[in-house]
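Asks: how does the following fold in three dimensions:
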Amino acid sequence: MTTPPVDGELQTSQREVQRLLGRCLLRLQQYEHLIKAIVAHHDIAGPAHALESIRTQRIADTATKTLGTLVGFFVGSYVVTDEADNSDEVEDKAPNDVMSFRMRTSMSMSAEDYARTESDLKELVLLRNNLVHHFIDQHDLWSLDGCRGANDALLAAYSRIDEHFEQLRGWAEHMDQARRLTAEFVQSDAFHDLVANGIAPDGTVDWPAAGIVRVLREAAGALAVDGWTPVASAGRWITERHPEQLPGKYGCSSWRQVVHESRLFELRYRDVDGRRAAWYRPKDA
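Replies: Residues are numbered from 1 along each chain as shown. All right, here's what the predicted structure looks like:
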């Protein structure tokens with residue numbers, strides 16, 4: 001098979017086609033790099049000590065995926081409908097004997113917007129495959145008219161690819177902002193109170209996870225007589241050893257109120273030296 005002779009005008013047109021095709025492919029590569037970053041980082045979960053290795057493995061896994069595979073995972077994982085809920089998925093898999101974390105970012109849409117986005121992304125994958133595998137079969141690059149048609153197609157393709165890229169970049173910025181806010185919260189006193197003391201940002205207390213319940217159990221272990229501990233003695237014992245664990249931190253005015261509000265202890269009153277005193281013991285004792 002011989003190659004037709006190329007005059008100067010046709011050669012110039014062919015080079016313009018090559019330039020425009022290269023521009024499209026470079027933009028597609030930028031898109032693929034960005035979607036890989038989102039897929040790798042938008043949902044990280046596991047034991048605290050293994051999070052870094054899990055993140056590294058996710059990056060390695062996405063590095064070899066095609067755009068079609070990435071889009072298939074992206075839709076339904078990062079792009080979700082308003083009704084989607086898989087919050088129990090990781091909790092079911094998390095080990096019970098170690099501290100585990102999950103950080104997930106997603107873009108929630110109405111069912112209509114979700115369907116349109118899914119269709120648009122499938123169109124992008126098809127566009128990419130046509131440019132990479134079938135472009136020279138679809139355009140006669142050995143004629144001026146064929147080159148002009150190829151130019152028009154490439155200009156339209158770039159516009160469409162760039163539109164997708166800008167949309168994805170906006171989503172990535174949304175994810176980065178969410179991650180920054182999460183990082184700030186993790187370093188805050190509010191997060192420490194939530195994790196270490198069971199106190200939510202709105203002030204409600206998860207009593208089984210509360211730090212003050214933990215130290216009340218410690219005090220009971222050290223001071224109990226026949227299984228029961230004086231509430232006042234436990235309060236003094238805790239104040240000396242854990243001064244940060246005080247009733248006021250948990251919205252209570254007294255140690256007796258903490259014991260009562262937590263619902264995790266039995267509370268009993270006894271007369272001691274003519275005075276009524278509160279005693280407690282853990283319900284699971």
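Asks: ok, the closest residue to residue 228 other than its chain neighbours - how many residues close by?
Replies: Closest residue to residue 228 apart from its sequence neighbours, by Cβ to Cβ, 6 or more residues apart in numbering: residue 279 at 4.4 Å. (C-beta placed from N, C-alpha, C; glycine too.) When counting by other Cβ atoms under 10 Å, one arrives at 24 neighbours for residue 279.
Asks: ok, the host helix or strand of residue 279: who's next to it in the sheet?
Replies: Residue 279 is part of strand 275-282, with elements assigned from DSSP states H and E. Using DSSP bridges, the strands paired with strand 275-282 are strand 229-230 (antiparallel), strand 265-272 (antiparallel).
Asks: of those strands, flag the one that's most buried.
Replies: strand 229-230 (a mean of 22; mean count of other Cβ atoms under 10 Å).
Asks: immediately after it, which helix or strand?
Replies: helix 231-241.
Asks: buried set for that following helix?
Replies: Using 16 or more other Cβ atoms under 10 Å as the burial criterion, the residues of helix 231-241 that qualify are 231, 233, 234, 235, 237, 238.
Asks: which one of the strands paired with strand 275-282 has the lowest average pLDDT?
Replies: If you rank those by mean pLDDT, strand 265-272 sits at the bottom with a mean of 91.
Asks: now it: how far from the chain's centre is it?
Replies: Strand 265-272 sits 47 Å away from the centroid of its parent chain (Cα atoms, centre = their mean, to the nearest Å).
Asks: which residues touch it?
Replies: With contacts defined as Cβ atoms under 8 Å, 6 or more residues apart in numbering, strand 265-272 is touched by 216, 228, 230-231, 256, 259-260, 276-283.
Asks: for stretch 278-285, same thing?
Replies: 216-217, 220, 224, 227-232, 234, 256, 259, 264-270.
Asks: turn the buried residues of helix 231-241 into a markdown table, columns for distance to residue 148 and pLDDT.
Replies: Listed next are those as a markdown table, based on distance: Cβ to Cβ, whole Å; pLDDT from 0 to 100:
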| residue | distance to residue 148 | pLDDT |
| --- | --- | --- |
| 231 | 89 | 96 |
| 233 | 93 | 95 |
| 234 | 88 | 96 |
| 235 | 87 | 96 |
| 237 | 88 | 96 |
| 238 | 84 | 96 |
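Asks: out of the residues you listed, flag the one nearest to residue 174.
Replies: residue 238 (44.3 Å; Cβ to Cβ).
Asks: residue contacts, that closest one?
Replies: Taking Cβ under 8 Å, 6+ apart, we find residue 238 in contact with 212, 215, 216, 218, 219, 245.
Asks: name the nearest residue to it, sequence neighbours excluded.
Replies: Nearest non-adjacent residue to residue 238 (Cβ to Cβ, 6+ apart): residue 215, at 4.9 Å.
Asks: show me what contacts that neighbour?
Replies: By Cβ under 8 Å, 6+ apart, the residues touching residue 215 are 238, 241, 242, 245.
Asks: tell me what the residue nearest to residue 228 is bridged to.
Replies: residue 230, residue 268.
Asks: tell me, what residue is most central in this protein?
Replies: The residue lying closest to the centre of the chain (Cα atoms, centre = their mean) is residue 104, at 1.5 Å.
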